[in-house]
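Asker: below are the sequence and a predicted model; questions follow.
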Amino acid sequence: MIKNTHKIVGIAANGVLLTLCVIPHAQAYQLFTDRNSWNNATQNQSLVTEQFNEEDFVTPNTIFDSGLRYVDSGFLGGARVSQGSLEVGLGFPGSLEEFAFANPVKGFSFNFKVKKSTFAIEDTRSFGSVNLGSFGDSGFFGVLASNEEAPILGFRTLSSGEIGSNVIRNFSLTQTNTLTKVPENSSTWTLGILGLGFLFYKKILAKSRNI
């Protein structure tokens, strides 16, 4: 009976701790699919707009006027600037392009158009992965951190198609001086919480043995 009680207490404690680890991450970011909602949410924020003026293929470590940096791409990836837009998905059958901000930002947004196959955006350290659409789709994407402890360092675009498969334009980001804190390593924080849970469980176990 006591052994079963130990298992139940342990499972319950771990469940609560895992919930504490997951929920704040899920609630830390707000996603937008229309510009009006984005404008309302960022009306008190200073924004910088990237014009994508210089038309050419983009090489790794290129820094745009807004401070956005094209880090690199996978073996079949690539990017180029054309007619005021950033085109990604320059590989077949699929590609991944990575971008970084000069400093952590609270949020960013852009209009997009899917000209071939599929288009997705992700950042595993912050807002996760979002499927933007497939062939023929167009729309708006925006993400905003709900507090200053959850900044965004960059993002990746994932595409499948041919050259110029997916288009990004009207790209804007929050002023870097509106957000300066960088989050602690999430895995370290999680291990710390689980460690406290283990100590809590041992304490309960010791008390039950003394009964």
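Answerer: Okay, I see it. Numbering: from 1, shown residues only.
Asker: in this structure, where is pLDDT below threshold?
Answerer: Within the chain, the stretches with pLDDT under 70 are 1-27, 75-76, 91-93, 161-164, 176-211.
Asker: with adjacent residues omitted, what lies nearest to F57?
Answerer: Spatial nearest neighbour of F57, chain neighbours left out: R80 (4.4 Å); criterion: Cβ to Cβ, 6 or more residues apart in numbering. All C-beta spots, glycine's among them, are computed from the backbone N, C-alpha and C.
Asker: hang on, I meant G74
Answerer: Leaving aside its sequence neighbours, G74 sits nearest to L96 (Cβ to Cβ, 6+ apart; 4.4 Å).
Asker: do the same with S129
Answerer: That would be E122: by Cβ to Cβ, 6+ apart, it lies 3.9 Å from S129.
Asker: what's the neighbour count on the one you found?
Answerer: 16 (other Cβ atoms under 10 Å).
Asker: for F108, same thing?
Answerer: F108: 24 neighbours (other Cβ under 10 Å).
Asker: who does the residue lying closest to it once chain neighbours are set aside bridge with?
Answerer: Spatially, and ignoring its direct neighbours in sequence, F108 is nearest to L173 (4.0 Å; Cβ to Cβ, 6+ apart). Legend: beta-bridge partners of L173 under DSSP bridges are V48, F108.
Asker: distance of L173 from F135?
Answerer: Going from L173 to F135 by Cβ to Cβ, to the nearest Å gives 28 Å.
Asker: wait, what's in contact with the residue nearest to L158 when sequence neighbours are not counted?
Answerer: Excluding the flanking residues, the one nearest L158 by Cβ to Cβ, 6+ apart is A120, at 4.4 Å. With contact set as Cβ atoms under 8 Å, 6 or more residues apart in numbering, A120 has these partners: 129-132, 157-159.
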